[in-house]
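Visitor: Got a predicted structure plus its sequence, pasted below:
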Amino acid sequence: MCGIVGILSSDQINQQIYDSLLLLQHRGQDSTGIATMDGSVFHMHKAKGQVR
């Protein structure tokens, strides 16, 4: 199982995405990841286990 959250905003949304991942982690605790875009640059982090 997986869960996906998407937020489009011109404001900083890192805390909103992090909170969403915490709420979704019960759907599967094998791995998690987060990706954000700043202009034309993607920032991505993924790892095994729960959101820290």
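Guide: Looks like it came in fine. Numbers count the residues shown, from 1 in each chain.

Visitor: Check Tyr18 and give its pLDDT.
Guide: With respect to pLDDT, Tyr18 has a value of 82.

Visitor: That one: neighbouring residues, count only.
Guide: With neighbours defined by other C-beta atoms under 10 Å, the count for Tyr18 comes to 14. C-beta: built from backbone N, CA, C; applies to glycine.

Visitor: Could you look up the SS state of it?
Guide: Following DSSP: H, G, I helix; E, B strand; the rest coil, Tyr18 is assigned to helix.

Visitor: I figured it was touching Ile34, is that so?
Guide: Yes: look at Tyr18 against Ile34 with C-beta atoms under 8 Å: they come within range, at 7.2 Å.

Visitor: Can you pull out the low-pLDDT segments for the protein?
Guide: Residues of the chain meeting the criterion pLDDT under 70: 1-2, 26-29, 51-52.
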